[in-house]
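# Could you look at this predicted model? Sequence included:
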Amino acid sequence: MASASERPEGQIDAQLELLLDAEVFAPQPLGRCNLLVGGGKLLWIGEEEPVLPEELGATVTDLGGARVVPGFVDAHAHVTGGGGEAGYASSVPAVGLSRFTLAGVTSVVGLLGTDDCVRTTAQLLAATQALVEQGLSAWCWTGGYHLPPTTLTGSVRGDIVHLERVIGFGELAISDHRSSQPTLDEVLRLAAECHVAGLMTGKAGVLHLHVGDGARGLELVREALAVSELPPRTFHPTHTNRRRELFDEALDLAGSGVTIDVTAYPTGEKDEGWSASEAVARFLEADADSARITVSSDAGGCLPKFGPDGRVAQFGVGAPAALGVALGELLAQGWPLEHVLPAFTSNVADLLRLRGKGRIAVGADADLVVLDDEHRVRHVLALGRWHVRDGKALVRGRFE
């Protein structure tokens, strides 16, 4: 196998890869299968080992019955870095390529948060494209916490329609003292811009909402659904597990067709809420529509705790690895992999209309994660190229 330094950045690996004896979860269980990968796509799945001409030069890897799942799709990551709430020195650095791949993340959606002034849509778009050049699948939300929105073309609809990597708006802050305190009319107008742009382009057209600790919770979303013709899928509230009461609200909204997002906070960083694994388990136990929940990492985001004066008292930083930790916790609790895996893969891809992502299927992108016996990420293949083998990064970002 050629080293990372021998391959041009962003080049899809045309090498044929034959993966033998994989226990495939697509995310539905397919049993023991062999997989043929080439040109960045999954070319074939079958039970019998194929006989390939030596001239094809296929590389063969025997996985020994290890579980293979789709690459994780992370809909909420601060690829430029987040933070900034505690002064200029509190701005979090950008998240490097291998921090995503080592965590099993092969598709990511970047965004701006509290700081949508110093950090701009142009910077976000550049950081997103840089990840693409290095072999990751990446998109971004336009805008940030505040209104009027920061954009590149001058309008939200224009950004979604004209900028290939922009798929919607996010993360607009509601129920948070750091927000611009948007009104119902403003939220409706913004959601309509996203929805129409999605219709025009086939993109997600989603309004991704940061939900803070405020007592109003998801009130604006409920009101928007009650007074408008916008489809529920337009709204995608995140951090819904930060408070237990908020999660109960979100569970009710999911019954109306809204897909809710829970954040995989690092251990000890969640507020008076549920961890991501607890939230997913409670969602499934409530017999809610299992397609209406997603899990994201908030990678690179500042996770502040505020004092009574509204100033930051302490903060942590979100990490892509929290996704794998959350999945491992659910599996350790006895949940079947096929029941919990969609929240990290196919549910996200379906909501965001990311074709070829979130599933293991012939013709889909060859984004594959191999889990070890302890439910940890062992190997990662992104667009047919090995990024991680035996828990070690083979490919790193240029400045990592």
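Yep, it's here.
# Show me what the strand or helix carrying V109 is packed against.
Here V109 sits within strand 105-110, counting by DSSP states H and E. If contacts are counted by 3 or more Cβ pairs under 8 Å, 6 or more residues apart in numbering; DSSP states H and E, strand 105-110 sits against strand 72-77, helix 121-133, strand 137-142. All C-beta atoms are positioned from the backbone trio N, CA, C, and that covers glycine.
# and of these, who's closest to V280?
Nearest to V280, of all the helices and strands packed on strand 105-110, is strand 72-77, at 13.6 Å by Cβ to Cβ.
# Quick check: buried residues in the helix or strand just after the closest one?
Next along the chain after strand 72-77, taking DSSP H and E as the criterion, comes helix 97-101. Within helix 97-101, the residues that count as buried by 16 or more other Cβ atoms under 10 Å are L97, S98, R99, F100, T101.
# Can you report the mean pLDDT over the residues of helix 97-101?
Helix 97-101 comes out with an average pLDDT of 97.
# Keeping just the C-alphas, turn it into PDB.
Once non-C-alpha atoms are left out, helix 97-101 reads as follows in PDB (Å, rounded to 0.1, in the frame of the first residue of the first chain):
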ATOM      1  CA  LEU A  97      -8.400  15.700   9.400                       C
ATOM      2  CA  SER A  98      -7.200  12.700  11.400                       C
ATOM      3  CA  ARG A  99      -9.300  13.600  14.500                       C
ATOM      4  CA  PHE A 100     -12.300  12.900  12.400                       C
ATOM      5  CA  THR A 101     -11.100   9.700  10.700                       C
END
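# Now do that helix: which elements does it pack against?
Contacts defined by 3+ Cβ pairs under 8 Å, 6+ apart place helix 97-101 against strand 385-389.
# List the neighbouring strands of the strand it packs on plus their orientation.
strand 377-382 (antiparallel), strand 392-393 (antiparallel) (DSSP bridges).
# now the angle between strand 137-142 and the first one, please.
Taking axes from the mean of the first three to the mean of the last three Cα atoms, to 10 degrees, one finds strand 377-382 and strand 137-142 inclined to each other by 80 degrees.
# and the top helix by length along the chain, which residues are buried?
Among the segments of the chain that qualify as a helix by DSSP state H, the longest is helix 184-201. Within helix 184-201, the residues that qualify as buried by neighbour count (16+ other Cβ under 10 Å) are E186, V187, L188, L190, A191, A192, E193, C194, H195, A197, G198, T201.
# For the strand holding V109, which strands pair with it and how are they oriented?
Its sheet considered, strand 105-110 pairs with strand 72-77 (parallel), strand 137-142 (parallel) by DSSP bridges.
# buried residues in the following helix or strand past the last one?
Going back to what we said before, that points to strand 137-142. Later in the chain than strand 137-142, the nearest helix or strand by DSSP H and E is helix 156-162. Neighbour-count burial for helix 156-162, with 16+ other Cβ under 10 Å as criterion, is recorded at V156, R157, G158, D159, I160, V161.
# Would you check that the second one makes contact with L199?
What that stands for is R157. No: in this structure, R157 is not within contact of L199 by Cβ atoms under 8 Å, at 10.4 Å.
# Enumerate every residue touching the residue nearest the centre of the chain.
Among the residues of the chain, the one closest to the centroid is D74, at 1.1 Å (Cα atoms, centre = their mean). Shown in contact with D74 (Cβ atoms under 8 Å, 6 or more residues apart in numbering): F100, V105, S107, V108, V109, S296, S297, A299, P320, L323, V348.
# circling back to that earlier point, from the strands paired with strand 105-110, which stretch is densest packed?
strand 72-77 (a mean of 29; mean count of other Cβ atoms under 10 Å).
# In TSV, list the helices and strands packed on strand 105-110 along with mean pLDDT and distance to L52.
Below are the helices and strands packed on strand 105-110 laid out as TSV (pLDDT from 0 to 100; distance: least, Cβ to Cβ, whole Å):
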stretch	mean pLDDT	distance to L52
strand 72-77	98	30
helix 121-133	97	30
strand 137-142	98	27
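# No further queries at this time; thank you.
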